[in-house]
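Participant: I'll drop the sequence and a predicted model, then ask my questions.
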Amino acid sequence: MRGGSIKGAPILFYCEDTELKVLSSLFLTVALITAGCGSSVNSNNLTAKNSDSIIGGQLVKEGTALAQSVVGIYDDNEGYTCTGSLLPGNLVLTAAHCIGKKTSGVYIVFHPDMESILNMGNNFKNSPAVRQVVQMKANKDWNPGQANAAFPGNDVGLMMYEGETPKGYQTAKILTDPAALKTGATTILAGYGVDYAEVIPVDPKKTENLQDLIDKGEVFCNNDDARKATTCIREEISGPAILKAVTVKIKYSPNDGEVILDQRGGKAACSGDSGGPAYIQVGDEVQLWGVTSRSGIGCNNDIIYMNILHYATWIKDTAKSFGAK
């Protein structure tokens, strides 16, 4: 959201899940996604304030390793935000479902408090913390309808921005040891997503204009035909687009391209965190391995992250096609 006005947040269900991209701040009543569990992040990367953010997360300190390599993504055409990770050559790694129809109107925000930047109204585009996206591409094999856990959804995308990278930012370091992605391992999640989400039952027999609400993606039922629906829900979400982080545990990998995280302990990635990073702590540094993809409705379920090590060739080839240096 920018300037207090809400544009329709795009909704995308796949594998009975929905995407995490969403407008920033204020209050939305839409069914988006994700959930989570985990302990607090390494205190070196966090403020002393224990903020219930990202869903049970903490604010990320400006200038820390996390803050230096995580950026916000704002699509002024569709009015939603996502999260991304910096790569060399003015590149931003994100989710395929965060890639819109055109680059014009898509911006990268280099600031932990993206909310304050977007609330500048049309002037936000002139902020020294904002860069225009000039190229972007979703993985051609991205499959929103992927329901077979044996195959990855390929929900990865790449953007390229113009100009120089603002001072204080640097590219993320990629995980060098794939064996670190094992069941029970602790992983750090970061993003600009909401800090509150609640799933609310909706009585299909007492709801006026139910079919219209289903068609708009504001209510979700066990049948898309309102006349046949017997169970329905909606999700209320809210929170500013401010960078937060949490730690959760790795559950397992259903295939080579995806990793499932356990987010059932009250700490989670949520709406607006789409495309955001997952890290493994290796010694004194955090190493990037994942991109936020999808989960079920409500921010207290398992969540699927794309394993970017599996997509190394695609990332390299796409960067080359952009002319990235």
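Facilitator: Cool, the structure landed.
Participant: Report the rounded mean pLDDT for the helix or strand hosting A67.
Facilitator: Secondary structure from DSSP states H and E places A67 in helix 65-69. For helix 65-69, mean pLDDT rounds to 85.
Participant: Show residues contacting the helix or strand following it.
Facilitator: With elements assigned by DSSP H and E, the helix or strand that comes after helix 65-69 is strand 70-75. For strand 70-75, the surrounding residues in contact (Cβ atoms under 8 Å, 6 or more residues apart in numbering) are 2, 60, 80-86, 92, 94, 98, 100, 105-111, 114, 117-118, 133, 159, 169, 172, 190-192, 241, 243, 275-277. Quick note: C-beta positions are derived from backbone N, CA and C, even for glycine.
Participant: Show me what counts as buried in stretch 84-104.
Facilitator: Across stretch 84-104, burial judged by 16 or more other Cβ atoms under 10 Å covers 84-87, 90-100, 103.
Participant: Any regions of the stretch 51-200 of the chain where pLDDT drops low?
Facilitator: Where the stretch 51-200 of the chain drops to pLDDT under 70, the residues are 51-60, 145-148, 193-198.
Participant: try it again with 80
Facilitator: 51-65, 144-150, 193-200 (pLDDT under 80).
Participant: Tell me where the stretch 101-250 of the chain has strands.
Facilitator: 106-109, 130-138, 157-161, 173-174, 186-191, 196-202, 220-221, 232-238, 244-255 (DSSP state E, counting those that start in this stretch).
Participant: what's in contact with the second one?
Facilitator: Surrounding strand 130-138, the residues in contact under the criterion Cβ under 8 Å, 6+ apart are 73, 90, 92, 96-97, 99-100, 103, 106-110, 117, 124-125, 156-163, 165-166, 318, 321-322.
Participant: for the first one, same thing?
Facilitator: Defining contact as Cβ under 8 Å, 6+ apart, one finds that strand 106-109 is touched by 71-77, 84, 92, 100, 117-118, 124-125, 129-133, 136, 159, 161.
Participant: next one: stretch 309-320
Facilitator: 87, 89, 91, 93, 137, 139, 152, 154, 156, 158, 160, 174-175, 178, 256-257, 289, 308.
Participant: Can you get me the start-to-end distance on stretch 88-106?
Facilitator: 19 Å (Cα to Cα, to the nearest Å).
Participant: just to revisit the earlier point, please name whichever of the strands of the stretch 101-250 of the chain is nearest to V282.
Facilitator: The closest of these to V282 is strand 173-174. By Cβ to Cβ, the value is 8.5 Å.
Participant: who does that closest one pair up with?
Facilitator: strand 285-295 (parallel) (DSSP bridges).
Participant: next structured bit after the partner strand?
Facilitator: Per DSSP H and E, the helix or strand that comes after strand 285-295 is strand 303-307.
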